[in-house]
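Student: need a 3D model of the following:
(chains A and B)
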Amino acid sequence: MLNPTTPVRAGASAVPYGHAIGSEKWRGTELAHLLQGKIRLLFEDGLGLVDFHIANRTCILYISEADIVAGNAFKRRLVQFRKACNLKGIVIVEKTRLSDQYLPPVQTFVVLELGMVLLPVANKSEAAQLLINLVLERSKERTSNPFIGKKSCQFSSTNILSTVQTIPGVGKVTALQLLQHFPSIHQLANASHSQLEAVVGHGTASNVHAFFTRT
Amino acid sequence: TNDLSFRSTAIQPVSIVLADSREIASGPEVISCLKTVHKVKVEVCPLGGCDYIVSNRLAVERKSLSDFSSGVNRSKLVERVKNLQNLFERVCLIVEKDRVKPGETSRLFQRTKYYDSTLSALTSAGVQILFSSSQEETAGLLKELMQLEQRKRTAITVPTQVTGNKQHALRFYLSIPDVSYIAALNLCHHFQSVKQMSGSSVDAIAKRAQVSRQKAEEIYRYVHHVFEAEMLQTRH
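Tutor: This next block holds a predicted model:
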């Protein structure tokens, strides 16, 4: 059962892709109008502190210019949200030339103190564009996000060869000779002076041995 | 108690930020403001792939608004951010308003679909985004980030200067794939020798390099990786 003090909607973690669940208070507004047709927007009562729920357990909290100028009530709302749930919060803040000066402390509070995301917009139409992008982005496969990539952590022998070449006095030819006898950095580091000497001669052996043991 | 008094004197946070050498030219006000207004020690180093390192785990990339919002730079941004994500546990991007040169009028910022979709993609990839209106404000943000990291006990604590033979060791550690400048500095100062490091366990590497266990495993595997001459890539 929902009541007006419910900070967030129950079951908010399961918003379908391409959808947003908006708080009833946005029904009929300019923003709702701009969103309609671009994304599937549904309205519900009792979303509590949240303005929109979107996919991937993400919540949008909208802070208008009036909220910011009015004082600290919006801060209490954000703190309450943060304490109430572990959903991801994105705070959309209206920022015009008039409220420019208010942004830095709000940003410090939202991003650095609360660890939430803050995205400023200049007006409702920018807010709509941003919301549409957030909804669509979270509807895509994660693989289509260029910033989320599988990391290829295949070490190549080429890497090892250049690492060995950072040892003073060791060029490519010497590095190859060393690696043919001591094929890993661990083995090379543990080679004795005489073992090294048998491969690369006295001078280089001293350099390599000194490098591993004295630096 | 004695324990508390020890703590307050022994763990005096030293405020250090590493700045890439290129920032001297592209962000002179950021650096001078950090030093003079915020009393932060700024060490300029060749950081390669990143603009600022504010703790053992956090890298900060500074982008001008015009650069950031232009789709032409997309692949460059993607490559840069992904590289930072490979190197650091946390990545923060500061989008800074362009400086208006005397005699110029400030250009009106046109918000595009590209801009919004880039912000969306970055936030869902876990990249922290901060907006700044000037180099001075960026300096303030860097200082706040650094203080936050100090409270999380991830602040930079090693000496940032490397002298003598240790410079060779630093170069060696930096050649290990995906080892950041600060991790290499930590390796340099926290191991007596490269031999000692190469014989260490994953846990010891994580602790001394101040890196995640995952990163320590990567380093460990690299050190033990067996070289095969047949696998050498030929450069075209």
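
Student: buried residues in the longest helix that chain B contains?
Tutor: Of all segments of type helix in chain B, defined using DSSP state H, the longest is helix B:135-151. For helix B:135-151, the neighbour count (16 or more other Cβ atoms under 10 Å in any protein chain shown) marks B:135, B:137-150 as buried. For every residue, glycine as well, the C-beta is placed using N, CA and C.

Student: return only those of these found close to chain A.
Tutor: Among these, the residues lying close to chain A (Cβ under 8 Å from any Cβ of the partner chain) are B:137, B:140, B:144-145, B:148.

Student: pick the one among the residues you listed closest to A:Ser162.
Tutor: Proximity of these to A:Ser162 was ranked by Cβ to Cβ; the top entry is B:Leu145 with 32.9 Å.

Student: where do the helices sit along the chain?
Tutor: You didn't pick a chain, so chain A it is. So, for chain A - with DSSP H - the helices run A:30-35, A:65-70, A:73-84, A:103-107, A:124-137, A:157-164, A:172-181, A:185-189, A:193-200, A:202-214.

Student: hmm, no, I was thinking of chain B.
Tutor: Using DSSP H, helices in chain B cover B:2-10, B:23-26, B:28-36, B:65-68, B:74-87, B:113-124, B:135-151, B:166-174, B:181-190, B:194-198, B:202-209, B:213-224.

Student: confidence-wise, which of those helices is weakest overall?
Tutor: Mean pLDDT per stretch puts helix B:2-10 lowest among those, at a mean of 42.

Student: hmm, back to that, turn the helices of chain A into TSV, columns for mean pLDDT.
Tutor: Putting those into TSV (pLDDT from 0 to 100) gives the following:
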stretch	mean pLDDT
helix A:30-35	96
helix A:65-70	90
helix A:73-84	92
helix A:103-107	94
helix A:124-137	94
helix A:157-164	95
helix A:172-181	96
helix A:185-189	97
helix A:193-200	96
helix A:202-214	95
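
Student: switch the ones you listed over to JSON lines; also include distance to chain B.
Tutor: Shown next, in JSON lines, are the helices of chain A (distance: least, Cβ to the nearest Cβ, whole Å):
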{"stretch": "helix A:30-35", "distance to chain B": "13"}
{"stretch": "helix A:65-70", "distance to chain B": "15"}
{"stretch": "helix A:73-84", "distance to chain B": "16"}
{"stretch": "helix A:103-107", "distance to chain B": "6"}
{"stretch": "helix A:124-137", "distance to chain B": "4"}
{"stretch": "helix A:157-164", "distance to chain B": "4"}
{"stretch": "helix A:172-181", "distance to chain B": "4"}
{"stretch": "helix A:185-189", "distance to chain B": "4"}
{"stretch": "helix A:193-200", "distance to chain B": "12"}
{"stretch": "helix A:202-214", "distance to chain B": "4"}
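
Student: can you list the ones you listed in TSV and add mean neighbour count?
Tutor: Converted to TSV, those look like this (neighbours: other Cβ atoms under 10 Å in any protein chain shown):
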stretch	mean neighbour count
helix A:30-35	17
helix A:65-70	14
helix A:73-84	16
helix A:103-107	18
helix A:124-137	21
helix A:157-164	20
helix A:172-181	16
helix A:185-189	22
helix A:193-200	16
helix A:202-214	18
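
Student: which pair in the buried residues of helix B:135-151 spans the largest distance?
Tutor: Across these, the longest distance by Cβ to Cβ is 22.7 Å; it joins B:Gln135 and B:Gln150.

Student: ok, the residue nearest to B:Tyr181 when sequence neighbours are not counted to A:Val79 distance?
Tutor: Spatial nearest neighbour of B:Tyr181, excluding adjacent residues (Cβ to Cβ, 6 or more residues apart in numbering or on different chains): B:Leu47 at 5.1 Å. Look at B:Leu47 and A:Val79: by Cβ to Cβ, to the nearest Å, they are 36 Å apart.

Student: next one: A:Ser192
Tutor: Applying Cβ to Cβ to A:Ser192 and A:Val79 gives a distance of 63 Å.

Student: beta partners of B:Ile129?
Tutor: Using DSSP bridges, the bridge partners assigned to B:Ile129 are B:Leu93.

Student: wait, it sits on B:Ser120?
Tutor: No. At 10.7 Å, B:Ile129 does not count as touching B:Ser120 under the criterion of Cβ atoms under 8 Å.

Student: thanks a lot, catch you later.
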